[in-house]
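Trainee: okay, predicted coordinates and the sequence, questions at the end:
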Amino acid sequence: MEEFFKTALELIEASEKHEVYRDAECINLIASEGLKSPAVKEMLRLTMDLESRYAEGENDLMGHVKRRYYQGQKYITVIENCVTDLMRMLFRCSWVDIRLVSGTHANLAVFKGLSLTTKSKKMVVTPLSAGAHISHDYTGLAGMVLGLENIEHAYSIRDMNIDPDKSAEIIRAAKPGIVTFGGSLFLFPHPVKELRDVAYEAGAYVVYDAAHVLGLIAGGVFQDPLREGADFITSSTHKTFPGPQGGVILADLRDERIEKAIKNVQFAVFPLSTSNTHLGRLPATGIAALELKIFGEMLAKQTVNNAQTAGQYLYENGLKVLGENQGFTMSHQLAVDVRDYGGGKRVAEELEKANIILNRNLLPYDDQNNREKPSGIRIGFQDVTRRGFAKDDIRYLCDLMLEVIRGKRKPDEVREDVIALRREHGEIKYGFQSLQEAMEHLQRSVKGI
Ligand code: DSN
């Protein structure tokens with residue numbers, strides 16, 4: 001029994017310490033993590049009852065609640081429908097499913113629904129080392145759970161992008177059921193409009209994994225996948241889209257082809273892959289959508305500016321930042337080859353000692369099975385941008401990183417400067433400081449004043 005209580009105590013202490021460590025003392029550059037505003041956090045705290053509830057059932061072809069199998073749903077239904085509508089309006093599409101609990105879950109439902117629709121097991125994907133998410137890959141969800149066969153897009157290392165001409169040949173020859181774009185290492189817009197007709201003619205649906213760039217898309221930056229020809233967007237809601245952890249699927253019900261697919265995707269959501277849809281995250285997801293409606297363009301532009309500033313600065317200071325022939329990035333991310341400094345694992349661990357948190361990353365020329373020791377690091381700027389970092393702060397942060405990477409100063413010494421820099425950026429920008437502030441904004445907008 002003593003062991004049990006000791007473990008419970010350890011749990012509480014570690015949880016408290018984590019909040020201080022990662023939220024107050026580290027600078028976060030992990031490209032897949034978002035930063036919630038005070039209003040979004042307040043909404044999460046206010047909706048704890050939803051954390052205990054269920055809302056299993058079917059949705060209609062707009063994504064609204066059609067049938068639920070439990071009682072007590074009168075406000076839950078309104079909440080689900082409102083969040084669905086906010087996302088539909090933000091992304092200008094006719095159908096949304098917000099019941100997914102993660103981006104991987106969204107991929108599961110879409111890949112399953114589309115393979116039921118096309119009766120094909122073939123999927124054209126970006127290679128894992130060139131940025132596909134593990135859930136797209138034959139070693140992950142797509143292959144090991146759904147039994148899909150991966151056929152790889154042709155990828156240009158020089159352009160850090162899918163090669164549209166060569167991929168067109170691959171799609172024509174493979175005749176897959178699904179062609180995917182998007183992913184986790186994602187510097188430049190993928191050639192959706194160049195390849196959509198090729199995909200349609202081959203009998204494939206086009207899926208765009210926007211998990212990393214959903215907030216940039218909401219801000220009108222990067223690319224507009226649905227208008228460019230994607231049939232489905234899958235995403236998480238907690239990276240550049242700064243909401244609680246969750247998932248979403250978006251589509252436009254353009255014709256019967258899409259209608260058939262949406263019905264199968266809905267079936268793959270429920271009953272195939274959800275029971276509890278984690279309702280407690282929904283109101284806060286809606287507040288994050290509201291913030292992107294109001295502040296999204298400014299936030300997205302500054303995020304990309306910051307990533308480009310860092311790319312230029314690190315490159316001028318001798319690091320091998322990829323994508324240099326195209327301005328390093330058009331997203332929130334950078335990819336840097338750090339083999340000269342011991343590789344991605346070593347560099348990420350040294351930076352961690354200085355409280356600069358990022359991840360090692362495969363680069364397109366790496367062996368994808370060598371995930372332990374890849375050549376690169378991936379750097380994301382969405383968190384620091386929301387904390388108000390601009391050009392000078394970004395350059396100073398890069399100086400601190402360079403000192404650690406080159407071994408000019410000990411990480412322990414640099415850590416003090418990192419904590420001080422973090423403390424200078426206490427306020428979260430491009431969002432509301434409280435729900436009250438959000439409400440006042442909405443009331444003024446509704447009255448037109
Ligand atoms: N594995 C995450 C990433 O870091 O990109 C996404 O799920």
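Mentor: Yep, it's here.

Trainee: who does the longest strand that the chain contains pair with, and is each partner parallel or antiparallel?
Mentor: Counting by DSSP state E, the longest strand found in the chain is strand 242-251. If you go by DSSP bridges, strand 242-251 pairs up with strand 95-97 (antiparallel), strand 232-238 (antiparallel).

Trainee: close to the ligand: what parts of this protein are there?
Mentor: Residues of the chain found near the ligand (Cβ under 6 Å from any ligand atom) are Ser32, Gly103, His133, Ser184. Where you see a C-beta, it was placed from the backbone N, CA and C, and this is true even at glycine.

Trainee: count of neighbours near the residue in the stretch 251-400 of the chain positioned nearest to the ligand?
Mentor: Ranking the residues of the stretch 251-400 of the chain by distance to the ligand (Cβ to the nearest ligand atom) places Asn359 first, at 6.4 Å. When neighbours are defined as other Cβ atoms under 10 Å, Asn359 has 20 of them.

Trainee: can you check Gln433 too?
Mentor: Around Gln433 there are 14 residues (other Cβ under 10 Å).

Trainee: among the residues of the chain next to the ligand, which lie within helices?
Mentor: Gly103 (DSSP state H).

Trainee: got the residues of the chain next to the ligand as a markdown table, with neighbour count columns?
Mentor: Shown next, in a markdown table, are the residues of the chain next to the ligand (neighbours: other Cβ atoms under 10 Å):
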| residue | neighbour count |
| --- | --- |
| Ser32 | 18 |
| Gly103 | 29 |
| His133 | 27 |
| Ser184 | 24 |
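
Trainee: output the residues of the chain next to the ligand as a markdown table; include the columns pLDDT.
Mentor: Shown next, in a markdown table, are the residues of the chain next to the ligand (pLDDT from 0 to 100):
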| residue | pLDDT |
| --- | --- |
| Ser32 | 98 |
| Gly103 | 98 |
| His133 | 96 |
| Ser184 | 97 |
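
Trainee: buried residues in stretch 174-191?
Mentor: Within stretch 174-191, the residues that count as buried by 16 or more other Cβ atoms under 10 Å are 174, 176-191.

Trainee: check stretch 151-159 too.
Mentor: By 16+ other Cβ under 10 Å, the buried positions in stretch 151-159 come out as Ile151, Glu152, His153, Ala154, Tyr155, Ser156.

Trainee: select from those every entry located in strands.
Mentor: Per DSSP E, strands hold the following members of the buried residues of stretch 151-159: Ile151, Glu152, Tyr155, Ser156.

Trainee: report the longest helix in the chain, please.
Mentor: Taking DSSP H as the criterion, the chain has its longest helix at helix 282-316.

Trainee: what angle sits between that helix and strand 242-251?
Mentor: On the basis of axes from the mean of the first three to the mean of the last three Cα atoms, to 10 degrees, helix 282-316 is oriented at 100 degrees to strand 242-251.

Trainee: next SSE after helix 282-316?
Mentor: Remark: after helix 282-316, the chain's next helix or strand is strand 320-321, criterion DSSP states H and E.
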